[in-house]
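**Student:** Model the structure of this input:
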Amino acid sequence: MKKKTLLCVAATVAAFSLHAETLAPPKALTLEGMPPIDAAIATALKPYGEFRPHALLSWHPTKREMLVRRRLQATNQVHLVAEPGAVPQPLTDFPNAVSGAVFQPTRGEYFVFPIAEGGNEVYRLNRFDLATKKVTPLSPDGERAGDAVFNRQGTRLVYTTMLVDKNNPDRKAKTTVHLVDPLKPAGDRVLGRFDGGGWGDFHFSEDGKRLAFIEYLSANESYVWVMDVATGRKRRVTKGDKDATVAVANPVFTRDGRGLFATSDRGSEFRRLVLIDIASGRERVLTGGIEHDVDFFDVSHDVHKIAFVTNENGSHVLRFFDTVTLKEQPRPSLFEGVVSGLEWRHKSPEVGFSIASARTAGDVFSYDYRTNKVTRWTNGNNPDLNTSAFPEPRTIRWKSFDGREITGFLYAPDPAKFPGKRPVVVNIHGGPEAQFQPGFIGRNNYFPVELGIAMIFPNVRGSAGFGKTYLKLDNGKSREDSVKDIGALFDWMRDQPDLDATRVMVAGGSYGGYMSLAVSTNYADRIAGSIDIVGISSFVTFLEHTESYRRDLRRVEYGDERDPDMRKFLESIAPLNHADRITKPLFVVQGRNDPRVPYTEAEQIVATVKKNGTPVWFMMAADEGHGYAKKPNSDYLFASMVEFAKQVLKP
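**Tutor:** Numbering: from 1, shown residues only. Just a heads-up that it's a prediction; the model follows:
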């Protein structure tokens, strides 16, 4: 009997020791108010973090091979895919992520890529020589570089730089446009200096003598400019309408140089493909019969075609347009998903793109226009997980306080595995001029598949993809109308037989983080807890401290805090100033190097809520910026989110 008792005690101790093992946080993370995370959670989550999505970066100009973005160890890096299905070969290997790369467009002996430190977004351009693997800096150190574009001849590269605040005492954004031969970076020439941080989207004319580019003032207002490369002289090509602003993007020269292909919402709710006459600025609409946004396009003068992508209820449709006949062409049949990275291969009828769906993490495909053949190049799914068990999103619709219809996507658990009413996570996108599209939700599949928690991704007013009127509905003093859209969603949930409206957690990143905090202050009685990731806690302090190159662009959306009346309004809706209403557990996540939403936004809301006695978890990463890009950090963050959800959503 004594031996049996000792065995039982030993087994109990062993079981307790196993359960008591905790997950060690990465050294970069500082944690406050958080419990240890059971190592068993990390083990269960591991397969959900092993997807390696691929994204097309650049076709080689003379070979049928490409550069793709793919996670190497902890971060995304540049890889070479030599043929369809070949194992991607890593080319870069840095502690910080490399998010883009472009081949030299005639020989492909090198590529240009940007990299920044610890999420600070102060990107520096570099040249990577394929033969020697040597990396050579191209842009000035300490200045934020962007918009790197080659001329067709491959002899010159145009790019922009902006000073960050520490080197810019007057905190006024200024954009410098550079021209450089990447093989001779010492010969860098400044083409011009512009006030403001919204200059970009550069494209060379076919002869390399002119540049077209965009002056971006807001999501609803932008203008096309053309510059002479030799002299630096520039002029504005497009104008606003008398009664409305116009948003124009992606100006690409026609072969003869007399016109520009672009997208424009002039005279329409949606962005359409247009042809702009440079001399007069007049626009000819090319896709007038399509009542959806043209999200992006790429022109091939080699085959006289434009490949373009329309946003149709969140999913993307690949279409083609003939630049000679100016008529739409037959389109391929692809599975539903979200497309990115559209690019024609040089002197070829083949166009490459990346696509992600609910059950596909993100892979690179190509489509040969002449043979009507689709080719898959990569496979980013984890073979240890059966993605066919992942839920397909369902469009949901509800009426808001003013009768306007709001939509979103519901990822529901399998009712056979999880019967009855299920708890819900409402995840609100950032932007706010963004849109949740029904692509791959990655680790978040763990919630419906393993925990039986439904996920709803709403597109509240102010989201893109629903017309420019909808896009403006949350501007300025209408800000909290979007918060009321979530309140109406809670009402809708009460009538759903498969959702438990008494167990709801709200989460969001960036502007979605503000929404999570705002919901916490306005609907504390309707939620069980909230997660704020790199979110805004006060628009006044945010606007005063965000980087200078973003400030004026954000003032158009949120309001100018320097105006006394607007400042008073912004103070009145700040979650920071109503933190006493946050009575349910709060989890705040921040990157110390965030240039968009400064880390002080997180610190101030955490300190204020803690004073009120509400439970607060706080995670700060010393080596991250606007979101967590390094896998060890994001692994620990998601394990913490799962633990938080388990605690607040339990019956």
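
**Student:** contacting residues for Cys346?
**Tutor:** Not quite, residue 346 is His, not Cys. Applying Cβ atoms under 8 Å, 6 or more residues apart in numbering to His346 gives the contacts Trp59, Pro61, Thr62, Pro105, Asp302. (Each C-beta comes from the backbone N, C-alpha and C, glycine too.)

**Student:** can we see that at 10 Å?
**Tutor:** Shown in contact with His346 (Cβ atoms under 10 Å, 6 or more residues apart in numbering): Trp59, His60, Pro61, Thr62, Lys63, Phe103, Pro105, Thr106, Gly108, Arg152, Ser300, Asp302.

**Student:** Okay, and the third one sits in which element?
**Tutor:** Applying DSSP states H and E as the criterion places Pro61 outside every helix and strand.

**Student:** if I read this right, it contacts Phe103, doesn't it?
**Tutor:** Yes. The pair Pro61 and Phe103 passes the contact test of Cβ atoms under 10 Å, sitting 6.0 Å apart.

**Student:** who touches both of those two?
**Tutor:** Common neighbours of Pro61 and Phe103 (Cβ under 10 Å, 6+ apart) are Glu109, Phe150, Gly154, His346.

**Student:** List only buried entries from these.
**Tutor:** Phe150, Gly154, His346 (16 or more other Cβ atoms under 10 Å).

**Student:** Sitting in strands, which of these do you find?
**Tutor:** Under the assignment DSSP state E, these contribute Phe150 to strands.

**Student:** Which of the buried ones among the shared contacts of Pro61 and Phe103 lies at the shortest distance from Ala173?
**Tutor:** Of all these, Ala173 sits closest to Phe150, with 25.7 Å by Cβ to Cβ.

**Student:** What sits closest to the closest one if chain neighbours are left out?
**Tutor:** Pro105 (5.0 Å; Cβ to Cβ, 6 or more residues apart in numbering).

**Student:** Next up, the contacts around the one you found.
**Tutor:** Taking Cβ under 10 Å, 6+ apart, we find Pro105 in contact with 58-62, 149-155, 346.

**Student:** Of these, which is the nearest to Asp188?
**Tutor:** Thr155 (13.9 Å).

**Student:** pLDDT score for the closest one?
**Tutor:** Looking at Thr155, its pLDDT is 97.

**Student:** Likewise for Pro330?
**Tutor:** On pLDDT, Pro330 comes in at 88.

**Student:** so it touches Phe321, yeah?
**Tutor:** No. Using Cβ under 10 Å, Pro330 makes no contact with Phe321, being 11.2 Å away.

**Student:** who's more crowded, those two?
**Tutor:** Shown here are Pro330 and Phe321; by other Cβ atoms under 10 Å, Phe321 has more neighbours (21 against 9).

**Student:** From Ile214, how far out is the closest residue in space to that one that isn't next to it in sequence?
**Tutor:** Spatial nearest neighbour of Phe321, chain neighbours left out: Ile306 (4.2 Å); criterion: Cβ to Cβ, 6+ apart. From Ile306 across to Ile214, the span is 18 Å (Cβ to Cβ, to the nearest Å).

**Student:** same question, Ser348
**Tutor:** From Ser348 to Ile214 the distance is 28 Å (Cβ to Cβ).

**Student:** now Lys184
**Tutor:** Applying Cβ to Cβ to Lys184 and Ile214 gives a distance of 28 Å.

**Student:** Any chance of a markdown table for the contacts of Pro105, columns distance to Ile533?
**Tutor:** A markdown table is the format used below for the contacts of Pro105 (distance: Cβ to Cβ, whole Å):
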| residue | distance to Ile533 |
| --- | --- |
| Ser58 | 31 |
| Trp59 | 35 |
| His60 | 37 |
| Pro61 | 40 |
| Thr62 | 43 |
| Val149 | 32 |
| Phe150 | 36 |
| Asn151 | 40 |
| Arg152 | 41 |
| Gln153 | 44 |
| Gly154 | 41 |
| Thr155 | 43 |
| His346 | 40 |
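
**Student:** among those residues, which ones are buried?
**Tutor:** Listed as buried from the contacts of Pro105 are Ser58, Trp59, His60, Pro61, Val149, Phe150, Asn151, Arg152, Gly154, His346; burial here means 16+ other Cβ under 10 Å.

**Student:** can you put those residues in a markdown table and add distance to Val135?
**Tutor:** Formatted as a markdown table, the buried ones among the contacts of Pro105 follow (distance: Cβ to Cβ, whole Å):
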| residue | distance to Val135 |
| --- | --- |
| Ser58 | 17 |
| Trp59 | 22 |
| His60 | 19 |
| Pro61 | 21 |
| Val149 | 20 |
| Phe150 | 18 |
| Asn151 | 23 |
| Arg152 | 25 |
| Gly154 | 19 |
| His346 | 24 |
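
**Student:** pLDDT below threshold where in the stretch 401-550 of the chain?
**Tutor:** Along the stretch 401-550 of the chain, the model assigns pLDDT under 70 to no residue.

**Student:** residue boundaries of the strands in it?
**Tutor:** Applying DSSP state E, counting those that start in this stretch to the stretch 401-550 of the chain gives strands spanning 405-411, 422-428, 454-459, 499-509, 529-533.

**Student:** List the buried residues in the fourth one.
**Tutor:** For strand 499-509, a neighbour-count test (16+ other Cβ under 10 Å) marks Leu499, Asp500, Ala501, Arg503, Val504, Met505, Val506, Ala507, Gly508, Gly509 as buried.

**Student:** Give me the nearest residue to Gln89, chain neighbours excluded.
**Tutor:** Spatially, and ignoring its direct neighbours in sequence, Gln89 is nearest to Leu80 (4.8 Å; Cβ to Cβ, 6+ apart).

**Student:** Relative to Asp384, which of the contacts of Pro105 is nearest.
**Tutor:** Ser58 (30.8 Å).

**Student:** what helix or strand does the closest one sit in?
**Tutor:** Using DSSP H and E, Ser58 falls in strand 55-59.

**Student:** just how off-centre is the next helix or strand after that strand within its chain?
**Tutor:** Per DSSP H and E, the first helix or strand lying C-terminal to strand 55-59 is strand 66-71. A distance of 17 Å separates the centroid of the chain from that of strand 66-71, by Cα atoms, centre = their mean, to the nearest Å.

**Student:** Please spell out which residues along the helix or strand following strand 66-71 are buried.
**Tutor:** Next helix or strand after strand 66-71 toward the C-terminus (DSSP H and E): strand 76-81. Residues of strand 76-81 classed as buried: Asn76, Gln77, Val78, His79, Leu80, Val81 (neighbour count, 16+ other Cβ under 10 Å).

**Student:** residue ranges for the strands of the stretch 101-250 of the chain, please.
**Tutor:** With strands called from DSSP E, counting those that start in this stretch, the stretch 101-250 of the chain shows them at 102-103, 110-115, 124-129, 135-137, 143-150, 157-163, 174-181, 184-195, 199-204, 210-218, 221-228, 234-236, 248-253.
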